[in-house]
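Asker: sharing a sequence plus its predicted fold:
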Amino acid sequence: MPLRPIDAIFIHPKRRLYVVYYRGELWQLPRMKIDDQSWQNRQPYKDDSRGLYLSIHQAISDPILAQKLRTLNLPIAVRGSTLSRFEAWWGTHGFEWLKDKLSAGQSPLAAHQASTKMIDNQPSSPSNYLSALASSNNTTAHKNPEQEAIAITQEITDIFSDMLADLADEMLHQPL
């Protein structure tokens, strides 16, 4: 049965860099920061993959990159595992884990987990998203600060709600 390709963040501790597992391919980021600029400057990862470990923090603080990389809030037992062990788990248990989460009405997306610490040591409060979107969103310039914060929060909620709806549609309507 075909599985949804997964996006996951790995760390190479000796070389101190992030490697993103993007739909089955490994991409090396140019610095120890996960944002849209780093993603645009990514390079194919060609080194030995045995040195890669699944990051315990899968949530991405950059709202633009979070739309492109749909990282999941993976089970604690899988976090910190090697790439080969992670792929084996995903191939064996990934579909059932996702289906169970979606059937229970829970979001498997790391971006939806308020208790998850964001990558780059930023707290997981909506204010990070608000400041990032406020600086790039000029359409709310004529509103008062309260209205602006509400509009931006609604925009963020819509983005992640759309991501969750797409994921649920993919997983629950696959032909067997």
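Answerer: Cool, got the structure.
Asker: residue ranges with poor pLDDT in this structure?
Answerer: Counting by pLDDT under 70, the chain shows low-confidence ranges at 1-4, 111-161, 163-164, 168-176.
Asker: run the last query once more with 50
Answerer: Across the chain, the stretches falling below the confidence threshold (pLDDT under 50) are 1-2, 114-141.
Asker: ranges for the helices of it?
Answerer: Listed from the start of the chain, the chain has helices (DSSP state H) covering 36-40, 63-68, 83-89, 95-103, 126-136, 145-172.
Asker: the fourth one - contacts with which helices or strands?
Answerer: Using 3 or more Cβ pairs under 8 Å, 6 or more residues apart in numbering; DSSP states H and E as the contact definition, the elements that helix 95-103 packs against are helix 145-172. C-beta: built from backbone N, CA, C; applies to glycine.
Asker: ok, the third one next?
Answerer: Packed against helix 83-89 by the contact rule (3+ Cβ pairs under 8 Å, 6+ apart) you find strand 53-54.
Asker: would you mind measuring from residue 26 to residue 87?
Answerer: 11 Å (Cβ to Cβ, to the nearest Å).
Asker: go on, residue 58?
Answerer: Noted for residue 58: a distance of 16 Å to residue 87, by Cβ to Cβ.
Asker: the more surrounded of these two?
Answerer: Neighbours per residue (other Cβ atoms under 10 Å) separate residue 58 from residue 87, with residue 58 holding more: 22 against 17.
Asker: isn't that one right up against residue 71?
Answerer: Yes - when contacts are counted by Cβ atoms under 8 Å, residue 58 is listed as touching residue 71 (4.2 Å).
Asker: so what sits against both of these two?
Answerer: When contacts are counted by Cβ atoms under 8 Å, 6 or more residues apart in numbering, residue 58 and residue 71 are jointly contacted by 8, 9, 110.
Asker: residues in contact with residue 89?
Answerer: With contacts taken as Cβ under 8 Å, 6+ apart, residue 89 has the following neighbours: 78, 81.
Asker: could you rerun that using 7 Å?
Answerer: When the contact criterion is Cβ atoms under 7 Å, 6 or more residues apart in numbering, the partners of residue 89 are residue 78.
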